[in-house]
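>>> Need a 3D model of the following:
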Amino acid sequence: MEPLSVLQSREKSQITRLTRNSKIFKTIIKAIQDKKGEHIISLDLRKIPEASADFFIVCEASSTTQVKAICDFVEHEVKEKCGEAPYKHEGRQALQWVLIDYVNVVVHVMHPEARKFYKLEEMWSDAASQLHDL
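Next up is the predicted model:
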């Protein structure tokens, strides 16, 4: 039986970290832009030990119809171009804040009021941020 330290180092070496140049990252940003998502920002969480993902991508949509359209298109494009389905998604009933979890990157599509209320960018203010508006 191998010591625990050997197993832990083996697990860490097999983890691939995303970058802003990763195909899934670029596909998500482009899909949001194509559906006219507004105030698109990515938060780089890789240097934050408590973070559950490498990146958060946050955008807003002016109506529940647009929230749904953005979410549907992101999922379609990522499946089509990257071959990945989301691990999980939340918020599809109310369509105020929909979260699409691809494990290393989490997409947050928010109605403006929900975005102002939850202030994700402030909560993760230690993360490096980048705007992606057209």
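>>> next one: phi and psi at Val74?
Main-chain dihedrals, Val74, degrees, to the nearest 10: phi -60, psi -50.
>>> Against Tyr118, how distant is the closest residue in space to it that isn't next to it in sequence?
Leaving aside its chain neighbours, Val74 sits nearest to Ala31 (4.5 Å; criterion: Cβ to Cβ, 6 or more residues apart in numbering). Glycine gets a C-beta too; all of them are placed from N, C-alpha and C. Ala31 is 22 Å from Tyr118, where distance means Cβ to Cβ, to the nearest Å.
>>> can you check Ser63 too?
Using Cβ to Cβ, one gets 18 Å for the distance from Ser63 to Tyr118.
>>> coming back round to it: run a quick neighbour tally on the residue nearest to Val74.
Number of residues near Ala31 (other Cβ atoms under 10 Å) recorded here: 22.
>>> hang on, it is in a strand, isn't it?
No. Assignment of Ala31 by DSSP: H, G, I helix; E, B strand; the rest coil gives helix, placing it outside any strand.
>>> who are the neighbours in contact with it?
Ile70, Phe73, Val74, His76, Glu77, Val78 (Cβ atoms under 8 Å, 6 or more residues apart in numbering).
>>> Give me the buried subset of the residues you listed.
Taking 16 or more other Cβ atoms under 10 Å as the criterion, what is buried in the contacts of Ala31 is Ile70, Phe73, Val74, Glu77, Val78.
>>> Could you tell me whether the second one really is in a helix?
So that's Phe73. Yes. Counting by three-state DSSP, Phe73 falls inside a helix.
>>> And stretch 124-134, end to end?
Length of stretch 124-134, first residue to last, Cα to Cα, to the nearest Å: 23 Å.
>>> And the contacts of it?
Outside stretch 124-134, the residues that touch it by Cβ under 8 Å, 6+ apart are 20, 29, 32-33, 38-45, 47-48, 51, 56-57, 121.
>>> from those, which ones fall inside helices?
Counting by DSSP state H, the contacts of stretch 124-134 place Ile29, Ile32, Gln33, Glu121 in helices.
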